[in-house]
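Chemist: Give the three-dimensional model of this entry:
(chains A and B)
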Amino acid sequence: DGGITQSPKYLFRKEGQNVTLSCEQNLNHDAMYWYRQDPGQGLRLIYYSQIVNDFQKGDIAEGYSVSREKKESFPLTVTSAQKNPTAFYLCASSIVGTGGSPLHFGNGTRLTVT
Amino acid sequence: AQSVTQLDSQVPVFEEAPVELRCNYSSSVSVYLFWYVQYPNQGLQLLLKYLSGSTLVKGINGFEAEFNKSQTSFHLRKPSVHISDTAEYFCAARSGGSQGNLIFGKGTKLSVKP
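Modeler: Numbering: from 1, shown residues only, chains lettered A, B, ... in the order given. All right, here's what the predicted structure looks like:
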């Protein structure tokens, strides 16, 4: 079955440490996205990529970094520069083409930084 | 820029009652509209989408939504809810003819009580 796999589901880190969240898809989608979800704030776009080796900042990119070395993979690094990293992180993918393509989501990673 | 407003942050309802979750979007020449559902600690799942054509769109789990261009609304409805419909629902929009980013509302928590 095609889908998006995010790992791990729960992640705990100490303040000041960088942490990398994994996202892998086997849907053969060109576009991949990272969203951050906080209670009552909906989804906010961190980074997105429409093609291998290229990515763009979203609305809240500060303190985050990404890479897109393979079509299937789009890891997100939460750096120590991110002031409030504790959140639920969602990865998504879609076909690149018309605007009617929906996003397909993984099951998320809940990051807790203490 | 596109914006999406979900008018109710929480909607409590009794089992087997009808429900309407409201969504308004900022006006655009054309727009693609989506509703997603999120169960606790999971990713988002597509319920339905409006791209063009009939203004009444049917989705999964017995949900439907009506596109109203004059009122710039895309309200989600279900005639009879179940306990299992308890979840958070997100409305999203993308301006037509583009691969611009999907803009999400802040979500509506539907709580179905026995």
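
Chemist: Just the CA trace of stretch A:103-114, in PDB.
Modeler: Extracted in PDB, the C-alpha atoms of stretch A:103-114 (Å, rounded to 0.1, in the frame of the first residue of the first chain):
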ATOM      1  CA  LEU A 103      -2.200  16.600   0.000                       C
ATOM      2  CA  HIS A 104      -1.600  13.100   1.500                       C
ATOM      3  CA  PHE A 105      -0.400  13.100   5.100                       C
ATOM      4  CA  GLY A 106       1.700  10.900   7.300                       C
ATOM      5  CA  ASN A 107       0.700  10.100  10.800                       C
ATOM      6  CA  GLY A 108       2.900  12.800  12.400                       C
ATOM      7  CA  THR A 109       5.800  13.000  14.900                       C
ATOM      8  CA  ARG A 110       5.100  14.500  18.300                       C
ATOM      9  CA  LEU A 111       8.300  16.300  19.400                       C
ATOM     10  CA  THR A 112       8.800  17.300  23.000                       C
ATOM     11  CA  VAL A 113      11.800  19.400  24.000                       C
ATOM     12  CA  THR A 114      12.500  19.900  27.700                       C
END
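
Chemist: buried set for that stretch?
Modeler: For stretch A:103-114, a neighbour-count test (16 or more other CB atoms under 10 Å in any protein chain shown) marks A:103-109, A:111, A:113 as buried. In this view, the C-beta of every residue, glycine as well, is placed from N, C-alpha and C.

Chemist: Out of those residues, which are close to chain B?
Modeler: Near chain B, judged by CB under 8 Å from any CB of the partner chain, the entries from the buried residues of stretch A:103-114 are A:103-108.

Chemist: Please work out how many residues are found near the residue in chain B that chain A sits nearest to.
Modeler: Residue of chain B nearest chain A, by CB to the nearest CB: residue B:43 (3.5 Å). When counting by other CB atoms under 10 Å in any protein chain shown, one arrives at 22 neighbours for residue B:43.

Chemist: circling back to that earlier point, so which of the buried residues of stretch A:103-114 sit within strands?
Modeler: A:104-105, A:109, A:111, A:113 (DSSP state E).

Chemist: From chain B, how far off is residue A:28?
Modeler: For residue A:28, the distance to chain B (CB to the nearest CB, to the nearest Å) stands at 17 Å.

Chemist: Report the contact partners of that residue.
Modeler: A:2, A:71 (CB atoms under 8 Å, 6 or more residues apart in numbering or on different chains).

Chemist: Can you tell me the closest non-neighbouring residue to residue A:49?
Modeler: residue A:55 (3.9 Å; CB to CB, 6 or more residues apart in numbering or on different chains).
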